[in-house]
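Visitor: When you get a sec, could you give me coordinates for this:
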Amino acid sequence: MADPYTHRLIEPKLRLSESIGRPTVALTFDACMGTIDERIFSTLINYRIPSTVFVTARWVKHNAAAVAVMRAHPQLFEIENHGAKHIPAVDYATRIYGIQTAGSQNAVVQEVEGGSDAIVSTGAPKPKFFRGATAKYTQSAMRQIEEMGYTIAGYSLNGDAGSLLDRTGTERRFKSAKNGDVIIAHINQPTRHAGEGVVAGILDLQQRGYQFVLFRNRPELLDRAAR
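Guide: Predicted coordinates:
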């Protein structure tokens, strides 16, 4: 009989240490597959809002122009690792949200290294953070990824529920952000209404005086208790 602890899935939480004075959040996006959501992308550029974008190798392959824009604006975009093929970094066979997991330690390594290699091939620095598909892991897979030199990039506020929320629901979640939150949303779903809410939510936070920081500029990131 399988050890239930070994197969327990963990969704790690990550927050910034809270700043004194002006509230601060880290805005992060997943680019899983598909294309770029220009509504969000142009807002980030036009309003000079920094964000950390987690890209897969498959997304990089089909979005060279967007990657080039990110590389041209290093003060706005930090490119980090979302894996090779958007496969959950779980070292036993199961499905999460209908997605087949990596299934073994070797497959987890391939998923992580494949994502990193694709980023480096664009001329970007080697990533330091990893966020796997579905953001769920086993304890053993997390240990393995950390031994490879990565920090697991959890989050504290799910801004768009996998881009499945409507505009109103997404905007409401962004408005609930607190000082120190790491927000996750998606930048690869240009046809979904969630993107409209992401734009509205970002601009609302900016208007309320929030500052946005890149992961690489906040070494005091804390990996707190798993959900």
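Visitor: Quick one: residues contacting residue 33.
Guide: 56, 58-59, 62, 86, 188 (C-beta atoms under 8 Å, 6 or more residues apart in numbering). Any C-beta I mention is one placed from the backbone N, CA and C, and that applies to glycine too.
Visitor: could you redo the last one with a cut-off of 7 Å?
Guide: Listed by C-beta atoms under 7 Å, 6 or more residues apart in numbering, the contact partners of residue 33 are 56, 58-59, 86, 188.
Visitor: For residue 135, state which of the residues you listed is nearest.
Guide: Nearest to residue 135 among the contacts of residue 33, counting by C-beta to C-beta, is residue 86 at 11.7 Å.
Visitor: top strand in the protein by residue count?
Guide: What stands out as the longest strand in the chain, according to DSSP state E, is strand 24-31.
Visitor: returning to what we had before: in strands only, show me the contacts of residue 33.
Guide: Among the contacts of residue 33, no member falls in strands (DSSP E).
Visitor: Go through those and name the one nearest residue 126.
Guide: residue 56 (15.9 Å).
Visitor: Surely the closest one touches residue 115?
Guide: Yes. Between residue 56 and residue 115 there is a contact under C-beta atoms under 7 Å: 6.0 Å.
Visitor: Which one's more surrounded, those two?
Guide: More crowded of residue 56 and residue 115, by other C-beta atoms under 10 Å: residue 115, with 30 against 25.
Visitor: Can you name the next helix or strand after the host helix or strand of that one?
Guide: Using DSSP states H and E, residue 115 maps to helix 105-121. The helix or strand immediately downstream of helix 105-121 is strand 129-130, counting by DSSP H and E.
Visitor: Can you show me the helices along the chain?
Guide: Taking DSSP state H as the criterion, the chain contains helices spanning 38-46, 57-62, 64-72, 105-121, 139-147, 167-175, 194-207.
Visitor: can I get the ones you listed in a markdown table with mean pLDDT and distance to residue 92?
Guide: Shown next, in a markdown table, are those (pLDDT from 0 to 100; distance: least, C-beta to C-beta, whole Å):
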| stretch | mean pLDDT | distance to residue 92 |
| --- | --- | --- |
| helix 38-46 | 98 | 35 |
| helix 57-62 | 98 | 23 |
| helix 64-72 | 98 | 33 |
| helix 105-121 | 98 | 10 |
| helix 139-147 | 97 | 9 |
| helix 167-175 | 98 | 32 |
| helix 194-207 | 98 | 31 |
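Visitor: The ones you listed: which one's closest to residue 27?
Guide: helix 194-207 (6.9 Å).
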